[in-house]
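# Starting from these lines, generate the structure:
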Amino acid sequence: MKTNITLSAHSKRVSKITNAVACASALSLSSLALAHGDHDHDVNDVEITVTTLAEGLVHPWGMAFLPNGDLLVTERAGGIQRLSKDGKLSGRLKNVPEVVAQNQGGMLDITIDPNFATNNTIYFCYSKASEDEDKPGSSSSVAKATLSDKGLEDVKVIFSADSIVDNGFHFGCRLTFDAEQALYVAMGDRYKYMKEAQNTNNHFGKIVRINADGSVPKSNPFTTGDAPEVFSYGHRNVQGITIHPETGAVWAMEHGPKGGDEINILENGANYGWPSITYGIDYSGEIISDKTHMDGMKQPWVYWDPSIAPSGLTFYQGEMFKEWNGDVLVGSLKFTHLRRIDVENGQAGEQFEYLRENQARIRDVEVGPDGAIYLLTDAPNGKILKLTK
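Model prediction:
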């Protein structure tokens, strides 16, 4: 099924964005202005074709391209499927571990090994049941497995967060490899345990860095503590993580409470402030912190107030939308659109919305090897969408 959408009719500037690197204050933009005018990234007159590649997925959550162009897709309810280049879904792969599909938990992100072409290894993050009878609940865990024609083989858990809680919220669970082939795993604060995000001796509200076998890199900042896997801390619920295509830096995006969603550029051992500083308030209206800045705590590259509930984070690199090369792409769950952030000289510029009229919660965003943009819609009848020019 194809739907043609004219960008000049549906791409809009977005109100109240913040470039915290430049000035740490909100910029007021017209919510009705069209994209970019005579800016070099102008796409006003370009039409995007939206093709539904697959549907019937149960809350699809993460995706990863294989070298041959096939696409692996997770379903939060507990499955992993493979979409072939010719558009056929495999059905749920065999030998996928059981998940605790409670609230936000389940089978979440997925990525492939940097050496997949020679080892056929994949990694996935999911909510795994506690094995401790005295500590019920689940936590974010990462497993690696060999992908075969029949399903998964040699499944092995290489990391399990110590943040075992029986509430089903704030798992994080996004994955990415850096140029040194270290694996970054995003953790959530598990909601009611937000204060633990400042404690570097556990995995609540952290981003951890491990080797492909689960061991700890020697250059991690807290190797003498109780949670040597921790790379950065002070996070709330990370829903996007990616590598900058030029600098190699790790970028992460997280949900704030009511306001204060943000994107951060990660540094080894850095503190990103939650909940000591925040640009949001509690859902009840109560103040979590009256501070947005504190010494020793990093400011976000950009933040959103009001929240957009961003999910999925990537940089555009390709020829199909070459006007957007280097720009940030994120999905919005709350406002049901694909969002592009214009990046100029490393700074966040204007932001633009696409596909909002589709009324689909965008859970993940990836750029395919063909330069097309791929989206997952978060629904009981979730879809894989392909955006082309």
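# and the residue nearest to G151 when sequence neighbours are not counted, how many residues sit next to it?
Leaving aside its sequence neighbours, G151 sits nearest to K94 (CB to CB, 6 or more residues apart in numbering; 3.1 Å). For every residue, glycine as well, the C-beta is placed using N, CA and C. K94: 12 surrounding residues under other CB atoms under 10 Å.
# Now K94: phi and psi?
With angles defined as degrees, to the nearest 10, K94 sits at phi -80, psi 160.
# now it: how far from N119?
Using CB to CB, to the nearest Å, K94 is found at 19 Å from N119.
# Please enumerate the strands of the stretch 1-150 of the chain.
Assigned by DSSP state E, counting those that start in this stretch, the strands in the stretch 1-150 of the chain fall at 2-6, 12-13, 17-19, 26-27, 47-57, 60-65, 71-75, 79-83, 107-112, 121-129, 138-147.
# Lowest average confidence across those, which one?
Mean pLDDT values for those show the minimum at strand 26-27, a mean of 34.
# So in terms of bridging, what pairs with T111?
With DSSP bridges applied, T111 shows beta-bridge pairing to Y123.
# my guess is it meets C173, correct?
No. Counting by CB atoms under 8 Å, T111 stays clear of C173, with 11.2 Å between them.
# Settle it for me: which of the two has more neighbours?
Remark: of T111 and C173, C173 carries more neighbours, 31 against 23, as counted by other CB under 10 Å.
# Now name the helix or strand holding the more buried one.
strand 172-177 (DSSP states H and E).
# Give me the distance between the nearest residue to C125 once chain neighbours are set aside and V99.
The shortest distance from C125 to any non-neighbouring residue, by CB to CB, 6+ apart, is to C173 (3.9 Å). Using CB to CB, we find C173 at a distance of 11 Å from V99.
# between these two, what contacts are shared?
In terms of CB atoms under 8 Å, 6 or more residues apart in numbering, C173 and V99 are both contacted by the residues Y126, S127.
# how about the strands of the stretch 1-150 of the chain in a markdown table, adding distance to R361?
A markdown table is the format used below for the strands of the stretch 1-150 of the chain (distance: least, CB to CB, whole Å):
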| stretch | distance to R361 |
| --- | --- |
| strand 2-6 | 17 |
| strand 12-13 | 18 |
| strand 17-19 | 21 |
| strand 26-27 | 25 |
| strand 47-57 | 13 |
| strand 60-65 | 11 |
| strand 71-75 | 15 |
| strand 79-83 | 19 |
| strand 107-112 | 15 |
| strand 121-129 | 20 |
| strand 138-147 | 21 |
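# Just the buried residues of stretch 186-205, please?
Neighbour-count burial for stretch 186-205 flags 186-191, 193-194, 196-200, 202-205 (criterion: 16 or more other CB atoms under 10 Å).
# Same check on stretch 340-359?
Neighbour-count burial for stretch 340-359, counted by 16+ other CB under 10 Å, picks out 340-343, 348-356, 358.
# Now render those residues as a markdown table, adding secondary structure, pLDDT and distance to Y123.
Shown next, in a markdown table, are the buried residues of stretch 340-359 (DSSP: H, G, I helix; E, B strand; the rest coil; pLDDT from 0 to 100; distance: CB to CB, whole Å):
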| residue | secondary structure | pLDDT | distance to Y123 |
| --- | --- | --- | --- |
| R340 | strand | 97 | 28 |
| I341 | strand | 98 | 27 |
| D342 | strand | 97 | 32 |
| V343 | strand | 97 | 28 |
| A348 | strand | 97 | 30 |
| G349 | strand | 96 | 34 |
| E350 | strand | 96 | 35 |
| Q351 | strand | 96 | 31 |
| F352 | strand | 94 | 32 |
| E353 | strand | 94 | 32 |
| Y354 | strand | 94 | 30 |
| L355 | coil | 93 | 29 |
| R356 | helix | 90 | 33 |
| N358 | helix | 86 | 30 |
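# could you dump those residues to TSV with distance to V73?
Converted to TSV, those look like this (distance: CB to CB, whole Å):
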residue	distance to V73
R340	23
I341	25
D342	29
V343	28
A348	29
G349	32
E350	31
Q351	27
F352	26
E353	24
Y354	21
L355	19
R356	23
N358	19
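# what's the closest of these to G78?
N358 (26.3 Å; CB to CB).
# Quick check: the gap between T377 and R76.
Going from T377 to R76 by CB to CB gives 12 Å.
# Sorry, wrong one. I was asking about G234.
The gap separating G234 from R76 is 26 Å, by CB to CB.
# got it, and G69?
25 Å.
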